[in-house]
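Participant: Prediction below, plus the sequence it came from.
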Amino acid sequence: MTKLIEDGDEFAIKILLALASLDGKVKFVDHKEALEYLERSKIISQEIYGLDHFDPVLFNSQTITSFSAGYIDVEIALRDLENGLRKSQELGNQEYEFGYLINIGRLYLEEGNLISALAYFEKCLTISKEIGFRLGESNAYEGLGTIAHKHGNRAKTLYYWESSLEIVQDIDGENKSILLLNNIGKIYEELSDTTQALFYYEKSLERNHENQLLKCTTLHNIGGIYLALGNYDKALVKLIQGLSIVEEFDRPILEWTIRLDISNAYCGKNDYYEAIRYLQKNLEISTAINDISKSVLIQMQIGSIYFESLKEFEKSIYYFLQANINIERAVLHNKNLHPMNGLIRIAEHIGEDRFEQIVRFIQKQ
């Protein structure tokens, strides 16, 4: 490395920048690690060119990664990026300019400022086409598609995302294509075109060799389609594969959601005790993340299975009572959570005398 610096070779800087650019895409889980590489790049750059040297790529990378790491807020990030954009425009380098435009657009998108985001992504598209920057064109289309999706315009979303996908497939952008394939599949699923949705999901799965969390999400999406179609065996294969992945990560909400779908699939197969087993784990997860609404929802679902499918009224009443207690303690006001309705249905079914007898028995336990 010392020899490279002495020779004035920029190769060392480019290596460190390349490593840092992998942040959030392939290797880095912690943005702080990317910042360490960027800081080393800055030191090398200053040793070669002097302390006042402005490196557009380095400054852009440091700013956006500092924001992602939580070191600076969005206002500071936008201010710094706008400053970098002006300097890049003064240098007359459209590649540098594009880099700032795309990151500014993404920040506005994250903040929900769709009008500003749209303006920046449109500028990105114009510049990338002018300079023949195919990957940049793909990124611009992806941003425009995300804005269209937020506006609920699925036709436009598909146009932009499929345009982005076509480009990245031409330039062999495999890591980017797997996310686009998954997202396009989701749009087709929203349009109730399950054939096309499954096609894109399976393509994403086929190409995904590294991103395990995205693989889990895709498996969950496929499993959800088979569940909706009533193909419970196929649904379980995909959902259980997804569950085995998410259990390796700290993603309790995703795990909870997959387990709920697995439970529904087992209910579809009339395997109610297996369904309850997965729901019991969801109760543990709900408690661990302190989400009373999720606890109540699961208690009501277990209560319903015991009542409607297994005719085990004592257990059913127990779970509905627990759900009602949780609602009263947390003072929840959710129109979808009414465990008292379940208790009324059971009382009507088995008679008030037997119902009260069971309640007294449970209260003594």
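Facilitator: Arrived safely. Numbering: from 1, shown residues only.
Participant: alpha carbons only for contacts and neighbour counts from here, please
Facilitator: Noted.
Participant: Ile253: helix or strand, and which one exactly?
Facilitator: Using DSSP states H and E, Ile253 falls within helix 252-268.
Participant: Remind me what that helix packs against, helices and strands.
Facilitator: helix 212-229, helix 232-246, helix 272-288 (3 or more Cα pairs under 8 Å, 6 or more residues apart in numbering; DSSP states H and E).
Participant: Please convert the ones you listed to CSV, extending it with mean pLDDT.
Facilitator: Listed next are these as CSV, based on pLDDT from 0 to 100:
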stretch, mean pLDDT
helix 212-229, 97
helix 232-246, 98
helix 272-288, 97
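Participant: So for Arg329, which of these sits nearest?
Facilitator: helix 272-288 (14.1 Å; Cα to Cα).
Participant: by contact count, what packs against the closest one?
Facilitator: Counting by 3+ Cα pairs under 8 Å, 6+ apart, helix 272-288 packs on helix 252-268, helix 292-304.
Participant: out of these, deepest packed?
Facilitator: Comparing the helices and strands packed on helix 272-288 on average neighbours per residue, with mean count of other Cα atoms under 10 Å, the densest one is helix 292-304 at a mean of 23.
Participant: Next, the residues that contact it from outside, please.
Facilitator: Defining contact as Cα atoms under 8 Å, 6 or more residues apart in numbering, one finds that helix 292-304 is touched by 276, 279, 282-283, 286-287, 315-320, 322-324, 326-327, 330, 332, 337, 339, 342.
Participant: can you give me the mean pLDDT across that helix?
Facilitator: For helix 292-304, the mean pLDDT works out to 94.
Participant: Could I get the contacting residues of Glu142?
Facilitator: Per Cα under 8 Å, 6+ apart, neighbours of Glu142: 160-161, 164.
Participant: Looking at those residues, which is nearest Tyr37?
Facilitator: Ser164 (29.6 Å).
Participant: Touching, the closest one and Glu137? I think so.
Facilitator: Yes - using Cα atoms under 8 Å, Ser164 is in contact with Glu137, at 7.3 Å.
Participant: and this structure, what are its domains?
Facilitator: The chain breaks down into these domains under automatic domain parsing: 1-72, 77-171.
Participant: And those: which comes nearest Gly268?
Facilitator: domain 77-171 (31.2 Å).
Participant: helix or strand for Thr195, which one?
Facilitator: Element membership for Thr195, per DSSP H and E: helix 194-207.
Participant: tally of neighbours for Gln241?
Facilitator: 16 (other Cα atoms under 10 Å).
Participant: what's the distance between the closest residue to it other than its chain neighbours and Leu165?
Facilitator: In space, and not counting its chain neighbours, Gln241 is closest to Leu219: 7.1 Å by Cα to Cα, 6 or more residues apart in numbering. Distance, Leu219 to Leu165, by Cα to Cα, to the nearest Å: 20 Å.
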